[in-house]
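Chemist: Predicted coordinates and the sequence they were generated for:
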Amino acid sequence: MTADRFEATYLIETPLAPAHVAEVMAGEQSCGTFTRVEGETDALRRRARATVESIDELESVHAPSLPNALLERQGRAGPWRRARVRISFPVANVGANLPTLAATVSGNLYDLGEASGLRLESLQLPASYRAQFDLPQVGIAGTRQRTGVASGALVGTILKPNVGFSPEQSAELVARLCAAGVDFIKDDEVCADPVHAPLAQRVPAVMAAVRAHQDRTGKHVMVAFNITDETDAMKRHADLIEREGGSCAMASLNWCGFSALQTLRRHTGLALHGHRNGYGALSRHPLLGMSFQAYQTLWRLAGVDHMHVHGLQGKFSQPDEEVIASAQDCYTPLTPEIDDRVMPSFSSGQWAGTVPATWAAVQSDDLLFMSGGGILAHPGGPAAGVASIRQAWAAARAGVALSEYARQAPELAAALAFFGK
């Protein structure tokens, strides 16, 4: 890869020659269409056309992964050939334009009539191009600094019930959770600015509880308020959080869009907690959408500080291997020259019992370990839930089985007995 080009790697499936399909992809996503047009000179092609860098043919299958009306009209039959295709694109075609970058490396590719399956597997950028986009303003180090957690995993939770609480009820729960010892609290993705608890009232009420706890203990609990909305509203919500002494805002990435997150990043110094809800629509089919590596690359260019990766042994559909790979993507700089790592947020069905698998997989404390029911439903209450998770981390780091450690850790023992069923 050279400084004037970026590269995208795809998995494709087609009844045609993979080399032909790769050339169609390169042309469609740069200066070409289905036929050469007036003005599409050789000189223009040399300057602006995407280039097929490599094609690795894989196994063939006997049935297409996805329906394709064009191939059906043509009466195409198998075998359905799969290949990994790497294509480079001129940086000058896009510039520092994140939505257009996304449209270039994905966009209409998913609708190509030549393919019965297409997935963006990875995206690689030269350092000089990456430097033209936003960086995390807080990231891992800043999150630790703002919460005062110099070492160890950051234990967090989600406000439950998801929706329905008034601002006063939300503040009462936040006060309990602060007293319980959490480092991080976030709204659920479906609770943003509801009629029964508008942010204009919820933020001041919650932050009064956070400030009171900070005055008593010196501990600042980071609260990720869900400010998902249209762009101007998100800017107003962020300003309110800052005025009230908050340190974080959460946004549903897929539904706000790249431009809104870029605007928000440039508007505020708050930590931006990137919630990926809806990513399953882009990722669950192995021959459609995009991998997390490509997905998080695009969102990191918008300057997010935290990225959700789901959780090990959790309640969602992702296999543990995908969760682990996603976390490693967050820990890996997009280019070796720039430290733009973001903090992964492990969430979905997490409790003390999932800690050993998490530690074994990532061998790092630089994460948000988000536990909703594992804290709020602990039979001993939220403080015992937090204690059980910290005890589980101590056990995992020491290489001690939870059952053995629990003999001297009653909160962990209670968690194992209650949730382990």
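Modeler: Everything's here; your move. Residues are numbered from 1 along each chain as shown.
Chemist: did I read that right, residue 143 in a helix?
Modeler: Yes - when classified by DSSP: H, G, I helix; E, B strand; the rest coil, residue 143 is found to be part of a helix.
Chemist: Could you check how far the residue lying closest to residue 252 once chain neighbours are set aside is from residue 29?
Modeler: Among residues not flanking residue 252 along the chain, residue 228 sits closest, at 4.4 Å (Cβ to Cβ, 6 or more residues apart in numbering). Where you see a C-beta, it was placed from the backbone N, CA and C, and this is true even at glycine. Noted for residue 228: a distance of 30 Å to residue 29, by Cβ to Cβ, to the nearest Å.
Chemist: Mind listing what's buried along stretch 239-253?
Modeler: When burial is assessed from 16 or more other Cβ atoms under 10 Å, stretch 239-253 yields the following buried residues: 240-241, 244, 246-253.
Chemist: And for stretch 304-320?
Modeler: Going by 16+ other Cβ under 10 Å, stretch 304-320 has these buried residues: 304-312, 314, 318, 320.
Chemist: what ranges of this structure fall below the confidence cut-off?
Modeler: Along the chain, the parts satisfying pLDDT under 70 run over 32-37.
Chemist: what's the single longest helix in it?
Modeler: In the chain, ranked by residue count with DSSP state H as the criterion, the top helix is helix 199-217.
Chemist: neighbouring contacts of that helix?
Modeler: Residues outside helix 199-217 that contact it (Cβ atoms under 8 Å, 6 or more residues apart in numbering): 167-168, 170-172, 174-175, 178-179, 192-193, 219-221, 223, 225, 227, 237, 240-241, 244-246.
Chemist: Please identify the buried residues of that helix?
Modeler: Within helix 199-217, the residues that count as buried by 16+ other Cβ under 10 Å are 199, 202-203, 205-207, 209-210, 213-214.
Chemist: quick one, helices of the stretch 201-350 of the chain?
Modeler: Secondary structure of the stretch 201-350 of the chain, counting by DSSP state H, counting those that start in this stretch: helices at 231-243, 253-256, 258-267, 280-283, 292-300, 320-331.
Chemist: Would you mark the buried spots in the fifth one?
Modeler: When neighbours are counted by 16+ other Cβ under 10 Å, the buried residues of helix 292-300 are found to be 292-300.
Chemist: Buried only: go through the contacts of helix 199-217 for me.
Modeler: By 16+ other Cβ under 10 Å, these give 167, 170-171, 174-175, 178-179, 192-193, 220-221, 223, 225, 227, 237, 240-241, 244, 246 as buried.
Chemist: quick one: contacts for residue 173?
Modeler: When contacts are taken as Cβ under 8 Å, 6+ apart, residue 173 is in contact with 159, 165.
Chemist: If you could redo that for residue 395, that was the one I meant.
Modeler: The contact partners of residue 395, by Cβ under 8 Å, 6+ apart, come to 355-356, 401-402, 404-405, 409, 412.
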